[in-house]
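Asker: Return a 3D structure for these sequence lines:
(chains A, B, C and D)
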Protein chains: 2
Amino acid sequence: MDDGTGIRTNSGRRSPPSGPSPRTRPRGDQARARLLAAALQSFVANGFHGTGTRDIAEAAGMSPAAVYVHYSSKEELLFALSLAGHQEALDLVTGADEPHREPAQRLWSVVNAFCEWHAANHVNARLVQYELGSLTPEHAEVIAGVRRQISGTVRAILAEGVQAGVFQIRDLNLMVVALMSLSIDIARWYRSDGEWTPATIGRHHADIALSMVGLIDSAPENS
Amino acid sequence: MDDGTGIRTNSGRRSPPSGPSPRTRPRGDQARARLLAAALQSFVANGFHGTGTRDIAEAAGMSPAAVYVHYSSKEELLFALSLAGHQEALDLVTGADEPHREPAQRLWSVVNAFCEWHAANHVNARLVQYELGSLTPEHAEVIAGVRRQISGTVRAILAEGVQAGVFQIRDLNLMVVALMSLSIDIARWYRSDGEWTPATIGRHHADIALSMVGLIDSAPENS
DNA sequence: CCTACCGATCGGTAGG
DNA sequence: CCTACCGATCGGTAGG
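Answerer: Purely as a prediction, here's the structure:
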């Protein structure tokens, strides 16, 4: 029923250690992917409680009962989506950070990547940021762990910048949440038909992040 | 039990033009207030779709049908709460702004007030910021108007600061949303048992807002 | 403001 | 992966 922390949950099934040429993906994977895509759209559009399992099944082109062939409950679908989204965000932040560079450059890169992700993937991001309340306590705790890793990365960069004397920060933890707010809230207001591209927002907000930690903006790249 | 954070909203009705001595409030007002308080708590805790009209009625100490004596639908309750919350936020921002002062002081006051409100009234604020999707299109448009007034106030201050040459802003509209994000996102993460008071957050974030528009922080008030 | 009730829909399961 | 169905609960109303 629940694999605890496993992403995607393939529910322990599939991938025999050395099965005979798994060239074609197990047929179920495709169905699961369709269910996840359908659930994501509907959860974001109507909320977890506003989405019926029949809505999901229909959007995935299956019968109402087919959902339960692949996921043991509606919440299990939410958890799979939430975990995958959080993992993606964490990987992105981790990948954007280059520990050998200067704190200012590290901060810029991480904020740039995080903001750009929230804009470009605002549908995923909305689920990630605003549907946590419908997870079971156990699943919520798993997600909380991933979230702590993300904010921990930001905190480490800030701490290093303070240590090096290049950042001026009054309250480190409060600065972490302020920087996270700048990024996360993009998921709430971003519209893909708006006046900015994800890349523009990423650069702009990363510049702003540097000014927030006391660095004068010395590189006016755009006119 | 708990009126949450004092909503009140006498919901437009009541007060006959010259009724005979309305010393005692119409009895219905008290019932409406209880329903609003109950609905607020439940909408925030479980979402609009996750809340049943029976949950609201029970928390207000009434029968399931009594809800419809005072509000014509569940959405009408949400709208009343959303409008009251938005009005309160607008009034607060308008009240905090002192147009005769310098742009920097105006910005500081407004961000300080807006942030403090989102922390102190985070229950109201969560409904205000995250339950808009369940409003009817007509009601959503009314709310959007109030929201435009709020962001318009911030925009006007930024424009004046740029005009006066004291703010350095690359993209005015993007700076508006960045400042709003800083405030609004507080509703998402704030916990009343956390390490900061609403006043602390307000001051800290207002200081940050000034640094975001290019002002050096020259008043280290706390050690 | 209540009891009693409406049709619709919910999440999930039986059995194949 | 489907048809058929379970009991529970939904928003809202009739009638008083």
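Asker: What ranges does chain A have for its strands?
Answerer: Taking DSSP state E to define them, one finds no strands in chain A.
Asker: residue ranges with poor pLDDT in chain A?
Answerer: A:1-26, A:217-223 (pLDDT under 70).
Asker: Which residue is the nearest non-sequential neighbour of A:Ala113?
Answerer: The shortest distance from A:Ala113 to any residue that is not its chain neighbour, by Cβ to Cβ, 6 or more residues apart in numbering or on different chains, is 3.6 Å, and that residue is A:Ala96. For every residue, glycine as well, the C-beta is placed using N, CA and C.
Asker: tally of neighbours for that neighbour?
Answerer: The number of residues packed near A:Ala96 is 18, by other Cβ atoms under 10 Å in any protein chain shown.
Asker: Same check on A:Gln105?
Answerer: In terms of burial, A:Gln105 registers 14 neighbours under the definition other Cβ under 10 Å.
Asker: Report the contact partners of the nearest residue to it once chain neighbours are set aside.
Answerer: With Cβ to Cβ, 6+ apart as the measure, A:Glu98 is the residue that lies nearest to A:Gln105, at 7.4 Å, once sequence neighbours are left out. Listed by Cβ atoms under 8 Å, 6 or more residues apart in numbering or on different chains, the contact partners of A:Glu98 are A:Gln105, A:Arg106, A:Ser109.
Asker: Look up phi and psi at A:Glu98.
Answerer: For A:Glu98, the backbone dihedrals (degrees, to the nearest 10) come out as phi -120, psi 90.
Asker: could you check the distance from the closest residue to A:Met62 other than its chain neighbours over to DNA strand D?
Answerer: Nearest residue to A:Met62 in three dimensions, chain neighbours excluded: A:Ala31, at 7.1 Å (Cβ to Cβ, 6+ apart). When distances are taken as Cβ to the nearest atom of the strand, to the nearest Å, A:Ala31 and DNA strand D turn out to be 3 Å apart.
Asker: And for A:Arg191?
Answerer: Using Cβ to the nearest atom of the strand, one obtains 28 Å as the distance from A:Arg191 to DNA strand D.
Asker: List the buried residues of the top helix by length along chain A.
Answerer: In chain A, ranked by residue count with DSSP state H as the criterion, the top helix is helix A:137-163. Residues of helix A:137-163 classed as buried under the neighbour-count rule (16 or more other Cβ atoms under 10 Å in any protein chain shown) are A:139, A:142-143, A:146-147, A:150, A:153-155, A:157-158, A:160-162.
Asker: chain center to it, what's the gap?
Answerer: Per Cα atoms, centre = their mean, to the nearest Å, the displacement of helix A:137-163 from the mean C-alpha position of its chain is 13 Å.
Asker: Would you mind listing what in chain A touches DNA strand C?
Answerer: Within chain A, the positions near DNA strand C by Cβ under 7 Å from any atom of the strand are A:Thr51, A:Gly52, A:Thr53, A:Arg54, A:Asp55, A:Pro64, A:Ala65, A:Tyr68, A:Ser72, A:Ser73, A:Lys74, A:Glu75.
Asker: Next step: those restricted to helices.
Answerer: If you go by DSSP H, those have A:Thr53, A:Arg54, A:Asp55, A:Tyr68, A:Lys74, A:Glu75 in helices.
Asker: Count the neighbours of the closest residue to the fifth one other than its chain neighbours for me.
Answerer: Spatial nearest neighbour of A:Lys74, excluding adjacent residues (Cβ to Cβ, 6+ apart): A:Thr53 at 5.5 Å. Other residues within reach of A:Thr53, judged by other Cβ under 10 Å, total 19.
Asker: now swap in the one 5 residues further on and tell me
Answerer: The local packing count at A:Glu58 equals 14, with neighbours defined by other Cβ under 10 Å.
Asker: before we move on, what about the one 10 residues further on?
Answerer: Applying the criterion other Cβ under 10 Å, we find 13 residues in the vicinity of A:Tyr68.
Asker: Which residues lie in contact with A:Glu88 in this structure?
Answerer: The neighbours of A:Glu88, taking Cβ under 8 Å, 6+ apart as the test, are A:Trp117, A:Asn121, A:Asn124.
Asker: if I look at the closest residue to the first one other than its chain neighbours, how far off is DNA strand C?
Answerer: Setting aside the residues directly before and after it, A:Trp117 is nearest to A:Leu92 in space (Cβ to Cβ, 6+ apart), at 5.3 Å. With distances taken as Cβ to the nearest atom of the strand, A:Leu92 is found 31 Å from DNA strand C.
Asker: on that earlier part again, ok, and the most crowded of the residues of chain A next to DNA strand C?
Answerer: Each of the residues of chain A next to DNA strand C was scored for neighbours by other Cβ under 10 Å, and A:Thr51 scores highest at 23 neighbours.
Asker: Could you pull up the residues touching it?
Answerer: Going by Cβ under 8 Å, 6+ apart, A:Thr51 touches A:Ala39, A:Ser42, A:Phe43, A:Ala45, A:Lys74.
Asker: what's the farthest-apart pair in these?
Answerer: A:Ala45 and A:Lys74 (15.1 Å; Cβ to Cβ).
Asker: What's the local residue count around the closest residue in space to A:Ala120 that isn't next to it in sequence?
Answerer: What sits nearest to A:Ala120 in space, not counting adjacent residues and going by Cβ to Cβ, 6+ apart, is A:Pro198, at 4.0 Å. A:Pro198 has 18 neighbours, counted by other Cβ under 10 Å.
Asker: ok, A:Pro198 - contacts?
Answerer: Under the criterion of Cβ under 8 Å, 6+ apart, the contact partners of A:Pro198 comprise A:Cys115, A:Glu116, A:Trp117, A:Ala119, A:Ala120.
Asker: Quick one: neighbours of A:Trp108, just the number.
Answerer: Other residues close to A:Trp108 by other Cβ under 10 Å number 23.
Asker: Please tell me how far it sits from A:Asp207.
Answerer: In this structure, A:Trp108 and A:Asp207 are separated by 8 Å, where distance is defined by Cβ to Cβ, to the nearest Å.
Asker: Tell me how far the nearest residue to A:Leu172 once chain neighbours are set aside lies from B:Arg191.
Answerer: Nearest in space to A:Leu172, with sequence neighbours left out and distances taken as Cβ to Cβ, 6+ apart, is A:Leu158 at 5.7 Å. Relative to B:Arg191, A:Leu158 is positioned 21 Å away (criterion: Cβ to Cβ).
Asker: ditto for A:Trp108
Answerer: On the measure of Cβ to Cβ, A:Trp108 and B:Arg191 end up 30 Å apart.
Asker: and what of A:Asp55?
Answerer: Distance of A:Asp55 to B:Arg191, computed by Cβ to Cβ: 33 Å.
Asker: and A:Val213, what is it in contact with?
Answerer: For A:Val213, the contact set (Cβ under 8 Å, 6+ apart) comprises A:Leu107, A:Leu158, A:Gly161, A:Phe167, A:Gln168, A:Ile169, A:Met175.
Asker: Let's see that with 10 Å instead.
Answerer: Residues touching A:Val213, when contacts are defined by Cβ atoms under 10 Å, 6 or more residues apart in numbering or on different chains, comprise A:103-104, A:107, A:157-158, A:161-162, A:166-169, A:175, A:178-179, B:208, B:211.
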